[in-house]
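Undergrad: Predicted structure and sequence below. I'll ask about it afterward.
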Amino acid sequence: MAKTITQLPPASTVTATTVLPADNAAATATEKVTVAQIVGLAPVQAVAGRTGNVALAVADIGGLQTALDGKATAGAHGSTHSAGGTDAATLCDTFIFTRSSAPASASGSNGDYQWTVPATAKLLTVDAIGGGGGGGSGRRGAAGTVRGGGGSGASAPRCVFDVMVAELQTANLWVFVGVGGAGGAAVAANDTNGNAGAVGSRSWVLGGTNYLAWSWAGTGGGGGTASGGGAGGSPQWLGTHDGAMGVAGGGATPAGTGGNMVRMAPSSGGGGGGISAADVAGAGGTGGGVEIARGAPASAVAAGGTAGGGNGVNGNTSVNGGGGAGGSGGGASITTAGGNGGNGGAYGGGGGGGGASLNGFNSGAGGNGGDGVVRITVWY
């Protein structure tokens with residue numbers, strides 16, 4: 001009895017010589033074909049000598065790895081690609097230089113470094129912030145007189161530039177990171193004005209004879225006087241983002257002034273509290289905040305030292321690279337030593353002014369300015 005093909009039992013083995021029926025429209029009768037003939041007509045017979053269910057690898061196709069990236073091996077580069085289409089491969093690296101630390105690829109110490117641009121770099125974004133100015137100390141004086149609080153230090157400006165690597169004179173760069181200015185020392189002698197805070201130092205990156213970026217520093221606040229609070233320091237105006245002006249300490253109006261904030265750069269410190277002729281001691285001014293991004297709210301500000309000798313608070317550290325917040329001013333006192341000003345935040349924040357005091361008690365010292373920083377982002 002005749003059977004259809006579907007009724008035939010399955011073959012126990014299939015080899016290259018196994019014969020199958022073939023309906024050739026050009027022939028007058030049914031013909032036969034072998035498995036070997038069918039395989040010979042297949043578009044892919046083997047992959048790198050492997051047959052069957054083959055897992056394809058990048059290395060199986062000549063030149064594919066080079067076409068993909070030309071640099072990394074398939075394993076190293078392929079592991080950075082996600083299935084969702086987001087390429088996490090390294091496009092840039094950021095190298096951060098501070099007074100106390102630098103990348104492992106740099107040499108030097110204490111803010112003075114030598115560093116070589118990576119060989120595959122195409123573009124550098126150089127971001128430099130100098131040292132903030134120190135706050136001035138408060139006056140120490142007799143009852144019934146005005147005793148001014150110290151003025152706050154100005155913040156350093158920020159300087160950001162993009163530089164094509166092909167335009168560099170040399171790939172060997174000199175990186176210098178500025179230090180914050182010291183706060184004015186507390187006054188230990190009766191009837192003596194406060195001491196001024198010191199100016200910070202500059203941060204810069206030099207390639208050959210060309211500066212890739214140069215950030216000046218903040219100047220120090222003035223010491224408190226018998227006529228009023230010390231004047232705030234001024235930023236040295238050189239940078240793509242200006243620093244913030246320091247503010248005056250309290251005097252006849254005893255409360256210290258709050259520090260200033262500028263966009264995407266460090267902020268200045270708060271003024272120290274003064275003592276009026278009526279012997280009213282003032283609180284220190286708040287430190288200046290830092291704007292996180294254009295239109296975004298400022299970071300938290302440092303609260304001023306309370307009247308009665310409360311110390312100022314150190315400014316916050318840089319948020320998203322914008323620079324450090326200013327330290328707050330110290331509170332004045334007629335019963336204890338004046339409060340010290342808070343230190344400026346890293347990087348480049350101004351120091352707070354010190355509080356005034358009555359004869360017999362030390363005045364408050366000014367806060368130190370925040371040290372600078374250099375960030376170099378390398379784009380490949």
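TA: Alright, I've got the coordinates. In this text, all values refer to a predicted model and were calculated from it rather than measured experimentally. Residues are numbered from 1 along each chain as shown.

Undergrad: Would you map out the domains in this structure?
TA: The record's domain split for the chain, according to automatic domain parsing, is 12-78, 91-380.

Undergrad: Val187: what's it in contact with?
TA: 137-140, 193-195, 223, 357, 362-363 (CB atoms under 8 Å, 6 or more residues apart in numbering). For the C-beta atoms, the positions are set from N, CA and C on the backbone; glycine is no exception.

Undergrad: distance of it from Ala104?
TA: For Val187, the distance to Ala104 equals 45 Å [CB to CB, to the nearest Å].

Undergrad: one step back: next, format the domains of the chain as CSV and append mean pLDDT.
TA: Below are these laid out as CSV (pLDDT from 0 to 100):
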stretch, mean pLDDT
domain 12-78, 69
domain 91-380, 93
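
Undergrad: Could you check which helix or strand contains the closest residue in space to Thr306 that isn't next to it in sequence?
TA: Nearest non-adjacent residue to Thr306, counting by CB to CB, 6 or more residues apart in numbering: Gly331, 4.8 Å away. Remark: Gly331 resides in no helix or strand, with elements defined by DSSP states H and E.

Undergrad: who are the neighbours in contact with Gly331?
TA: Counting by CB under 8 Å, 6+ apart, the residues that Gly331 touches are 272-273, 281-284, 304-312, 338-339, 355, 364.

Undergrad: the helices in this structure, which residues?
TA: 35-41, 64-68, 74-78 (DSSP state H).

Undergrad: Any idea how far the longest one is from the middle of the chain?
TA: In terms of CA atoms, centre = their mean, to the nearest Å, the centre of helix 35-41 is found 65 Å from the chain centre.

Undergrad: can you pull the buried residues of it?
TA: Buried positions in helix 35-41, judged by neighbour count with 16 or more other CB atoms under 10 Å: none.

Undergrad: one step back: redo the contacts of Val187 as TSV? Include neighbour count and distance to Val160.
TA: Shown next, in TSV, are these (neighbours: other CB atoms under 10 Å; distance: CB to CB, whole Å):
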residue	neighbour count	distance to Val160
Ser137	42	34
Gly138	51	36
Arg139	37	39
Arg140	28	43
Asn193	24	39
Gly194	39	35
Asn195	27	34
Gly223	32	34
Ser357	34	42
Asn362	21	41
Ser363	41	39
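
Undergrad: From those, which land in strands?
TA: Using DSSP state E, the members of the contacts of Val187 that fall in strands are 140, 357.

Undergrad: In TSV: the contacts of Val187, plus distance to Thr15.
TA: Compiled in TSV, the contacts of Val187 are given as follows (distance: CB to CB, whole Å):
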residue	distance to Thr15
Ser137	99
Gly138	101
Arg139	106
Arg140	107
Asn193	107
Gly194	102
Asn195	100
Gly223	102
Ser357	105
Asn362	103
Ser363	103
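
Undergrad: Just the CA atoms of stretch 330-343, as CSV, please.
TA: C-alpha atoms of stretch 330-343 as CSV (Å, rounded to 0.1, in the frame of the first residue of the first chain):
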residue,chain,number,x,y,z
GLY,A,330,31.7,85.4,64.6
GLY,A,331,29.5,87.0,67.2
ALA,A,332,30.7,89.9,69.4
SER,A,333,30.7,89.8,73.2
ILE,A,334,31.2,92.1,76.2
THR,A,335,31.5,89.2,78.7
THR,A,336,33.7,86.7,76.9
ALA,A,337,36.1,86.6,73.9
GLY,A,338,34.6,87.5,70.6
GLY,A,339,33.6,84.6,68.3
ASN,A,340,35.9,83.5,65.5
GLY,A,341,34.9,83.7,61.9
GLY,A,342,34.1,80.5,60.0
ASN,A,343,36.5,79.3,57.4
